[in-house]
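Peer 1: Next come a sequence and a model predicted from it.
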Amino acid sequence: MAQSSLSASPAICLLRLSALGDVTHVVPLVRTLRAARPQASITWVIGKGERRLLEGLEGVDFLEYDKKSGLAGMRALRRVLQERPLPGGRFDVLLQMQVAARANLLSAFIPAERRVGYDRSRSKDLHGLFVNERIPDRPGIHVLDAIGSFCEPLGLRQTEVIWDLPVPEDAREWARAQWPLDTVPTLLISPCSSHTLRNWRPERYAAVADHAAQRGWRVVMCGGRSQLERDTTDAIVAAMKHPALDLVGKDTLKQLPALLERGQLLMTPDSGPMHIANAMGTKVLGLHAASNPVRSGPYSDLRYCADRYDDAARKYLGKSASEIAWGTKIEHDGVMDLITVDDGIAAFERYVADHPAV
């Protein structure tokens, strides 16, 4: 459909439930919409943990949907929306930014005149049945840029990427209390993705961490409260020859951005903390073999990634990365073993060379 501009004070609904990294990518779109239409009413249907991360984002009314609630939760959401003073009883536009079957079905419970979804190449799970407009089909772009293009059918362009995540001062106070305010550079390690086949071996993390420690860096472990993160961290610390500060499971989702902000460099696989750190201005040593860093790596700076995605494509799919479909995940057993300790150390040393004052 042809592009059509928004009114001066439109009622906009965003649907993106998860995950932490992906909702972080939506924040610049919110900034773009608010800058173009300061009087807009923006409602965001979002997941529980993702709401905790972004609570306080100015100009946004969050509606939480619990994935475990199923159809009952969808009906409850519709009842909440029916009580809202929407013009004509519906939103001017719904931006349906998640193609999973659950999200597609949930979108049917949201009343909206215009329903903007992904282009056909990114659609799945009958996504096209739930939308009546689509974003431009631009292969080969980062996930954040694809999300940013959701404003284009509305006659807008995302020409600037601004995060400014909502981080309360008490979260920053907590982060400042975790290690001294000194000149020692800090390597943060968040070792686990929710996609376990993206995770690196503990002994390899330990080897890179020891190299950083030998270079005079502080090593800080961070992560969530899952048993996988606890066990992985314990294995890393046990394999290290130097001490590390273990903060795994000790922060909240509101404290996590403040914690990541304090480090000079975060080593992590493709994960939520990768994108949160990037949004907070911290450089990322991303570990990529199962996923393409150009599509889903740290948006602002890929220089310090250890990238074996092309090697993974050749080994497991028999084609180069440029020959496979954009966005292909290569989540095979052993794929992350393609990233060597030397790759991790080389990426760390690239950061050190670019930041001699650190």
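Peer 2: Nice, I can see it.

Peer 1: Just name whatever secondary elements the lengthiest helix in the chain is in contact with.
Peer 2: Counting residues, the longest helix found in the chain (DSSP state H) is helix 20-36. If you count contacts as 3 or more Cβ pairs under 8 Å, 6 or more residues apart in numbering; DSSP states H and E, helix 20-36 packs onto strand 11-15, strand 41-46, helix 48-54, helix 143-148, helix 272-279. In this view, the C-beta of every residue, glycine as well, is placed from N, C-alpha and C.

Peer 1: Which among these is found nearest to L129?
Peer 2: With respect to L129, and counting by Cβ to Cβ, the nearest of those is strand 11-15 at 14.8 Å.

Peer 1: Find the nearest non-adjacent residue to the residue of the chain most remote from its centre, please.
Peer 2: Distance to the chain centre peaks in the chain at G88, reaching 34.5 Å (criterion: Cα atoms, centre = their mean). Of all residues not flanking G88 in the chain, E113 sits nearest, at 7.6 Å (Cβ to Cβ, 6 or more residues apart in numbering).

Peer 1: what about the one you found, how many neighbours?
Peer 2: Neighbour count for E113, taken as other Cβ atoms under 10 Å: 13.

Peer 1: Confirm for me that it is in contact with G89.
Peer 2: No: with contact defined as Cβ atoms under 8 Å, E113 does not count as touching G89 (10.3 Å).

Peer 1: what about whichever strand or helix holds the residue nearest to G88, average pLDDT?
Peer 2: Using DSSP states H and E, E113 maps to strand 112-117. Mean pLDDT, strand 112-117: 96.

Peer 1: Give me the buried positions along that strand.
Peer 2: Buried residues in strand 112-117, defined by neighbour count with 16 or more other Cβ atoms under 10 Å: 112, 114-117.

Peer 1: do the same with stretch 49-59
Peer 2: Within stretch 49-59, the residues scored as buried using 16+ other Cβ under 10 Å are 49-54, 57.

Peer 1: swap in stretch 270-286?
Peer 2: Here stretch 270-286 shows 270-280, 282-286 as buried, counting by 16+ other Cβ under 10 Å.

Peer 1: How far off centre is it?
Peer 2: Relative to its chain's centre, stretch 270-286 lies at 8 Å (Cα atoms, centre = their mean, to the nearest Å).

Peer 1: same check, this time on stretch 143-152
Peer 2: 14 Å.

Peer 1: Give me the contacts around it.
Peer 2: With Cβ atoms under 8 Å, 6 or more residues apart in numbering as the test, stretch 143-152 has contacts from 3, 16, 22, 25-26, 28-29, 32-33, 36, 95, 97, 116, 118, 122, 135-136, 138, 157-158, 161, 295-296, 299.

Peer 1: CA atoms only for it, dumped as CSV, please.
Peer 2: C-alpha atoms of stretch 143-152 as CSV (Å, rounded to 0.1, in the frame of the first residue of the first chain):
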residue,chain,number,x,y,z
VAL,A,143,17.7,-6.1,12.8
LEU,A,144,17.6,-2.6,14.3
ASP,A,145,17.3,-1.0,10.8
ALA,A,146,14.5,-3.3,9.9
ILE,A,147,12.6,-2.4,13.0
GLY,A,148,13.4,1.3,12.4
SER,A,149,11.8,1.0,8.9
PHE,A,150,8.4,0.4,10.5
CYS,A,151,7.9,4.2,10.5
GLU,A,152,8.3,4.4,6.8
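
Peer 1: Ends of stretch 305-321, what's the gap?
Peer 2: 16 Å (Cα to Cα, to the nearest Å).

Peer 1: Flag the shaky bits of this structure, pLDDT-wise.
Peer 2: 1-4 (pLDDT under 70).

Peer 1: related to what we said a few turns ago, what pairs with the strand holding E113, and is each one parallel or antiparallel?
Peer 2: Here strand 112-117 is paired, per DSSP bridges, with strand 91-96 (parallel), strand 133-134 (parallel).

Peer 1: and the angle from that strand to strand 11-15?
Peer 2: Comparing the axes of strand 112-117 and strand 11-15 via axes from the mean of the first three to the mean of the last three Cα atoms, to 10 degrees yields an angle of 40 degrees.

Peer 1: list the contacts for the closest residue to N278 other than its chain neighbours?
Peer 2: Leaving aside its sequence neighbours, N278 sits nearest to P298 (Cβ to Cβ, 6+ apart; 4.1 Å). For P298, the residues meeting the contact criterion (Cβ under 8 Å, 6+ apart) are 274-275, 277-278, 283-284, 286, 305.

Peer 1: can you redo those as a markdown table with distance to L228?
Peer 2: Output for the contacts of P298, formatted as a markdown table (distance: Cβ to Cβ, whole Å):
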| residue | distance to L228 |
| --- | --- |
| M274 | 17 |
| H275 | 19 |
| A277 | 20 |
| N278 | 23 |
| K283 | 25 |
| V284 | 21 |
| G286 | 19 |
| C305 | 23 |
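
Peer 1: quick check, nearest of those to L247?
Peer 2: A277 (14.2 Å).

Peer 1: Look up how far L165 lies from the closest one.
Peer 2: Per Cβ to Cβ, to the nearest Å, A277 is found 11 Å from L165.

Peer 1: Which residues are in contact with each of those two?
Peer 2: By Cβ under 8 Å, 6+ apart, A277 and L165 have no common neighbours.

Peer 1: Counting neighbours, which bits of stretch 175-186 end up buried?
Peer 2: Using 16+ other Cβ under 10 Å as the test for burial, stretch 175-186 gives 175, 178, 185-186.

Peer 1: What is the neighbour count of I189?
Peer 2: 29.

Peer 1: Can you verify my assumption that it contacts D210?
Peer 2: No: I189 is not in contact with D210 according to Cβ under 8 Å; the separation is 11.6 Å.
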